[in-house]
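*Asks:* Give the three-dimensional model of this entry:
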Amino acid sequence: MTSSSAPAPASGAQKSRGPLRPLTARRRDEAHRVSSPLELFFDLCFVVAIAQAGVQLVHAVAEGHAGHGILNYAMVFFAIWWAWMNFTWFASAYDNDDALYRVVTLVQIAGVLVLAAGVSRAFEHHDFLVVWLGYVIMRLAMVAQWLRAARSAEGPERTMALRYVGGVLLCQVGWLGLILLPEPARPWVFLVMVIVELSVPLYAEKARATSWHPHHIAERYGLFTIIVLGETIAAATVAVKSALDEQDALGELLPIAAGGLLIVFAAWWIYFVVPIHGHLRSSRQAFLWGYGHYLIFASAAAIGAGLEVAVEQAVGKAHISTLSASAAVTLPTALYLLTVWALHSRHFKVGISQQLVLPGTALVVVCCTFLGEWAVLAAGLVCAASVVVGVTLTTRTVSRGRRTNATAPAA
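*Replies:* Numbers count the residues shown, from 1 in each chain. Prediction:
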């Protein structure tokens, strides 16, 4: 995670196309900056780990162990999200796309796959060794990238890069507490380490802020949101298909499938209705926006897990009540709506009516929890209605502004 800075001078080394080039800062005002194929591949591999975390969350909730499942999910998802975010903001500032940069990034992807392989053991046996090893691979690769940046930098920029190196290594040692300390102490270790991890960028960038690209960052986060929502649809589809093959319970599953689809469609619409890159202008905005996406990504992925739980409960495979199964969908949906409003939409809403649409929708979605087998469908219809209301209010505001401009006297 990095923050805003003035444009860095163009580097002649970056203009050359040799296999190895100095890892120097890119310009913050660089034109036509878009995500690279390597970044897209990176995102897709991260979704493997997210899918594994979702599967284990489904099993935990369906077996009536929601508390432990949510805690383990939060811990594993933080590791996935934080590693993704560190790479994303670093790449926005320093990606030179040479051979060594590509190889180190592929090593990070390998670390993600190792982490994904250890997710089930973390959930079922509280064994975080494999997850930690995967995290070591990812974070050491990130350290190598920062060392390359430090080698090509001088002054405050070099200090900043070396602070990142020291901070990442120190945190990696701290995460050993999840392996070495007794199980009751691990949630506290997790809480302390989250605070330390989030503090590293704040400390490192006191020396100098990195030259990340606002439009590129907004696009990267948007693409990852799309991928997570796509994984939600895929997981729900597989659950519905499996239930139909085994139980042939179309009447019970159709409301869940329809409601889930409406929720995901509305989630996509709500996230992308505003051009958020124009809001990312200061360091404070960048940190708050980037950190806040932990809740957006985690809740979006949890919606898919909730839909799977609802399907299993509807066909009698989950050992929980209808109320609990409904809450598995409605609560992460409400959290998603609130966080998207807080980070995105509220900056572009005009008037109290527009501002209240998403918070009001989140409240009504929570109330849908108590509608029994129709809860998911009702939540989907409420989300869809919120999109309609939002579009209608925006259209009226624009039309009113045009009429005002048309009747205003000429200067």
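*Asks:* isn't L169 right next to W146, touching?
*Replies:* No: look at L169 against W146 with Cβ atoms under 8 Å: they stay out of range, at 10.1 Å. In short, each C-beta sits where N, CA and C put it, glycine included.
*Asks:* Who has more neighbours out of those two?
*Replies:* Ranked by neighbour count (other Cβ atoms under 10 Å), L169 and W146 place W146 first, with 24 against 13.
*Asks:* Give me the pLDDT for the more buried one.
*Replies:* W146 is assigned 94 on the pLDDT scale.
*Asks:* ok, it touching A161?
*Replies:* Yes: if you go by Cβ under 8 Å, W146 and A161 touch, sitting 5.0 Å apart.
*Asks:* quick one: stretch 145-154 to chain centroid distance?
*Replies:* Centroid separation between stretch 145-154 and its chain, computed with Cα atoms, centre = their mean, to the nearest Å, is 28 Å.
*Asks:* buried sites along it?
*Replies:* The neighbour-count check on stretch 145-154 (16 or more other Cβ atoms under 10 Å) flags 145-146, 148-150, 152-153 as buried.
*Asks:* what sits up against it?
*Replies:* Residues outside stretch 145-154 that contact it (Cβ atoms under 8 Å, 6 or more residues apart in numbering) are 13, 22-25, 90, 94, 100-101, 104, 157-158, 160-162, 164-165, 168.
*Asks:* The same query, at a cut-off of 7 Å, please.
*Replies:* Contact with stretch 145-154 is made by 22-24, 90, 94, 104, 158, 161-162, 164-165, as judged by Cβ atoms under 7 Å, 6 or more residues apart in numbering.
*Asks:* And stretch 305-319, by the same measure?
*Replies:* 54, 57-58, 61-64, 235-236, 239-240, 243, 247, 249, 252-253, 256, 260, 320, 322, 325-326, 328-329, 332, 373, 376.
*Asks:* Would you mind checking those residues for buried ones?
*Replies:* Buried subset of the contacts of stretch 305-319 (neighbour count, 16+ other Cβ under 10 Å): 54, 57-58, 61-62, 235-236, 239-240, 243, 252-253, 256, 260, 320, 322, 325-326, 328-329, 332, 373, 376.
*Asks:* which residues does C171 contact?
*Replies:* Contacts for C171 (Cβ under 7 Å, 6+ apart) come out as 193, 196-197, 200.
*Asks:* So which of these belong to strands?
*Replies:* Residues of the contacts of C171 located in strands (DSSP state E): none.
*Asks:* what's the closest of these to H344?
*Replies:* E197 (24.0 Å; Cβ to Cβ).
*Asks:* Quick check, that closest one in contact with A79.
*Replies:* No: with contacts counted by Cβ atoms under 7 Å, E197 stays clear of A79, the gap being 9.5 Å.
*Asks:* Neighbour count: these two, which is higher?
*Replies:* Between E197 and A79, A79 has the larger neighbour count (other Cβ under 10 Å), namely 28 against 21.
*Asks:* Now the more buried one: closest residue in space, sequence neighbours ignored.
*Replies:* Y135 (5.6 Å; Cβ to Cβ, 6 or more residues apart in numbering).
*Asks:* Please verify my assumption that that neighbour contacts L115.
*Replies:* Yes: assessed by Cβ under 7 Å, Y135 is found in contact with L115 at 6.0 Å.
*Asks:* So what's the residue count around P19?
*Replies:* P19: 8 surrounding residues under other Cβ under 10 Å.
*Asks:* Mind checking what secondary structure it has?
*Replies:* Three-state assignment for P19 (DSSP: H, G, I helix; E, B strand; the rest coil): coil.
*Asks:* isn't it right up against A99?
*Replies:* Yes: counting by Cβ under 7 Å, P19 does reach A99; the two are 4.3 Å apart.
*Asks:* Distance check, the most centrally placed residue in the chain against P359.
*Replies:* With distances taken as Cα atoms, centre = their mean, F297 lies nearest the centre of the chain, 3.0 Å away. F297 sits 20 Å away from P359, going by Cβ to Cβ, to the nearest Å.
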